[in-house]
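Chemist: Next input, structure requested:
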Amino acid sequence: MSHNVDAGQAPVIACCHLRKSYTQGPQEVDVLTDINLSVSAGECVAIVGASGSGKTTLLNMLGGLDQPSGGEVHVAGKVLGQLKEAELGQLRNRELGFVYQFHHLLGEFTALENVAMPLLIRGCSTEDARAQAKKLLEQTGLGHRLEHKPSELSGGERQRVAIARALVGEPRCVLMDEPTGNLDRRTAESIHGLMRELNERLQTSFVVVTHDDHLASIQDRQYMLVGGRLTEKSPDDALAERG
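Modeler: Take a look at the predicted model:
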C-alpha cells in the first residue's frame, strides 16, 4: 500500500506515552507501557502480537472507546481526553471508521441501511445517505446485495458491508481489529485488495491489528506489541517476511 506521505503533515492519529493498567485484587497489572505511535494521512500501519498482548486494548484507546491510564491520544489534531462525550462521539463519527473481526452489523436492517447508518447519525438526508451507501457497496462488489440482510449474506460479504460502513463517511483513519480473522484465504485476499484500492483512492489511513502475516506485510509499516511495548519492525525484517 506504499505511496508518498508528506512528512510535514500533522498526523491523522497519534498517541504519546500511552499506558493502560488494570487493578486485579491488591495489585496493578500493566497491559500497555509507554506506547508512542504516529500515523500520517494515507499511511497504513499493522500491529501484530500474541493473543492477550493488548492489541485490541490499544486500538480501542486510539478510537476513544477505552480510556488510557496515562498518556494522550490525538485524532485530527484534538486530544481525546479533553473532549466531552458528545464531542468524542461526533469526532468518532466524522474522523474514524471501525472494522471488527465480527462484523457487528444490525441484523434487522439491509446491507444498504447498515452502511447508510453513520451518515444518518451525522444528520445527512435519507436520500443522500442511501445514495452514498449504494455507491460504496457497488465499489465493494455488493451492488447486487443491497436489500439483503446480514443473515442472507456470506461471511465475506458481511465483512465487505462492515468495511463499506466504516468508509462511507470518508473518515481520515480506519481502525481494523482482525478484519480477515474469520475469512477464508480467497475472501481475505479480496478484502486486502479492497483496502489497498480505497487507501489509494481516498488517502484513508489504516491501523490494522492482525494475525494475518500477509495482511501485515502489505502495510507501509509493521509494529510488534510484546510485553506491553510497541516496537517497529525494520524495513529489512518486513522485506524478508514478504519473501
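Chemist: What ranges does this protein have for its strands?
Modeler: Using DSSP state E, the strands of the chain run over 13-24, 27-39, 44-48, 70-75, 78-79, 96-99, 173-177, 205-209, 221-226, 229-232.
Chemist: Now do the fifth one: which elements does it pack against?
Modeler: If contacts are counted by 3 or more Cβ pairs under 8 Å, 6 or more residues apart in numbering; DSSP states H and E, strand 78-79 sits against no helix or strand. Any C-beta I mention is one placed from the backbone N, CA and C, and that applies to glycine too.
Chemist: cool, the third one as well?
Modeler: Using 3+ Cβ pairs under 8 Å, 6+ apart as the contact criterion, the secondary-structure elements in contact with strand 44-48 are helix 55-62, strand 205-209, helix 213-217, strand 221-226.
Chemist: now the residue nearest in space to the middle of the chain, which residues is it bridged with?
Modeler: Nearest to the mean C-alpha position of the chain, by Cα atoms, centre = their mean, lies L175 at 1.3 Å. L175 forms beta bridges with F98, V207, as assigned by DSSP bridges.
Chemist: Let me know the pLDDT of it.
Modeler: pLDDT, L175: 93.
Chemist: Am I right that it is in contact with L62?
Modeler: Yes. The criterion here is Cβ atoms under 8 Å, and L175 meets it with L62 at 6.1 Å.
Chemist: shared neighbours, these two?
Modeler: Shared contacts of L175 and L62, defined by Cβ atoms under 8 Å, 6 or more residues apart in numbering, comprise V207.
Chemist: mind listing what G156 touches?
Modeler: So, once contact is read as Cβ under 8 Å, 6+ apart, G156 ends up touching L183, D184, T187, S190, I191.
Chemist: Distance check, L32 against I218.
Modeler: L32 sits at a distance of 25 Å from I218 (criterion: Cβ to Cβ, to the nearest Å).
Chemist: who's more crowded, the two?
Modeler: Between L32 and I218, counting by other Cβ atoms under 10 Å, L32 is the more crowded of the two (25 against 19).
Chemist: Return the helix or strand in the protein with minimum mean pLDDT.
Modeler: Using mean pLDDT, DSSP states H and E, the weakest-scoring helix or strand in the chain turns out to be helix 235-242, at a mean of 55.
Chemist: How confident was the prediction at H3?
Modeler: Listed pLDDT for H3 reads 44.
Chemist: what mean pLDDT does the longest helix seen in the chain have?
Modeler: When the chain is parsed with DSSP state H, its longest helix is helix 185-202. The average pLDDT for helix 185-202 rounds to 79.
Chemist: Equivalent analysis for stretch 24-44, please.
Modeler: 89.
Chemist: buried stuff in that stretch?
Modeler: By 16 or more other Cβ atoms under 10 Å, the buried positions in stretch 24-44 come out as V31, L32, T33, I35, L37, V39, S40, A41, G42, E43, C44.
Chemist: OK, contacts around the last one?
Modeler: C44 makes contact with M1, M195, N199, S205, F206, V208, I218, Q219, D220, R221, according to Cβ under 8 Å, 6+ apart.
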